[in-house]
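**Student:** Pasting a predicted model and its sequence here:
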Amino acid sequence: MAKYETVANDIIARIKQKEFENTFKLPTEDEMIEYYQVSRNTIRSALKMLTSQGIIYSRQGSGFYIRQRNNDNSIPITGTNGLTHDFPNSAFSNQVIAVELLSADEQLAKKMLCEIGDLIYFCKRLRIIDDKKFALELSYYNKKIVPYLGKEIAEKSIYSYLQDDLKLKFGFADKHICAIKLDEQQADLLDLNPGDPGLVISDTVYLDNGLLFNVSQVIYNYKYANFYAASIR
């Protein structure tokens, strides 16, 4: 993880701990340079990241302030950090249904931008938040970039493993959003009825060097999932 990402994540943690609640204003650049012992460019990159995520905003001549919102239980629809990051104060568990190593056929190779025959990890798991069956996730990871993925990792946070253990640096993601009617298997796993609606978000995720490493499809339980997007002019 880059230094500016570490700083940005720590600022988010401090915001969630209500450290700046009195004024909703962040410390000055100089104060943050002293606090984090990093360069001015690192601080500015962290602030740019938080601004793009809609967490803070700049008042010219005054500094950076925390954006006030009432959607703490909502998922940022533009985020790529994963549900564990989005719900830090919730009880989380993952019911792993399958972890398999596949040989990419023509269709999967096209999806993963890899060669036919390349090895791809497939993971299917049920995401459970506060004892609620929140989402069904189907994801693929290129073994050339993610050399190992086992059930013991899938039961926790895969993205934390990728960032903290494998030291992968995420770059950007393309998202596709659509609504479906759940089939019998999907409904059964989410404790819903066949034909009930499901919101599907498909991600194609790249590293900062432009390599595609993850393609996933997450089907959300309509009873629990809420989303928001921060608009920046």
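**Tutor:** Cool, the structure landed.
**Student:** which sections of this protein are below the confidence cut-off?
**Tutor:** The chain contains residues with pLDDT under 70 at 69-73, 78-89, 230-233.
**Student:** Do you have the strands of it handy? List them.
**Tutor:** 56-59, 63-66, 75-76, 92-103, 119-129, 132-142, 170-181, 197-207, 212-221, 227-228 (DSSP state E).
**Student:** what's the closest of those to Asn9?
**Tutor:** Set against Asn9 and scored by CB to CB, the strands of the chain come closest in strand 170-181, at 12.4 Å. Yep, even glycine has a C-beta here, placed from its N, CA and C like the rest.
**Student:** and Ile145, what is it in contact with?
**Tutor:** With contact taken as CB atoms under 8 Å, 6 or more residues apart in numbering, Ile145 is in contact with 168, 207, 211, 213.
**Student:** Need the phi and psi values for it.
**Tutor:** Ile145 has phi and psi values of phi -100, psi -40 when expressed as degrees, to the nearest 10.
**Student:** ok, now how distant is it from Ile120?
**Tutor:** For Ile145, the distance to Ile120 (CB to CB, to the nearest Å) stands at 10 Å.
**Student:** Report how many residues lie close to the closest residue to Asn9 other than its chain neighbours.
**Tutor:** Spatial nearest neighbour of Asn9, excluding adjacent residues (CB to CB, 6 or more residues apart in numbering): Met1 at 7.9 Å. Neighbour count for Met1, taken as other CB atoms under 10 Å: 13.
**Student:** Verify the stated contact: Met1 with Asp165.
**Tutor:** No - Met1 sits out of contact with Asp165 when judged by CB atoms under 8 Å, with a separation of 11.1 Å.
**Student:** Hmm, Lys143 is touching Leu101, no?
**Tutor:** Yes - between Lys143 and Leu101 there is a contact under CB under 8 Å: 7.0 Å.
**Student:** Overlap of the contact sets of these two?
**Tutor:** With CB under 8 Å, 6+ apart, Lys143 and Leu101 have common neighbours 119-121.
**Student:** Redo those as CSV? Include distance to Tyr36 and neighbour count.
**Tutor:** What follows is the shared contacts of Lys143 and Leu101, written out as CSV (distance: CB to CB, whole Å; neighbours: other CB atoms under 10 Å):
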residue, distance to Tyr36, neighbour count
Leu119, 40, 14
Ile120, 38, 22
Tyr121, 35, 22
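**Student:** now, which of the residues you listed sits nearest Lys25?
**Tutor:** Distances from Lys25 to the shared contacts of Lys143 and Leu101, taken by CB to CB, are shortest for Tyr121, at 44.2 Å.
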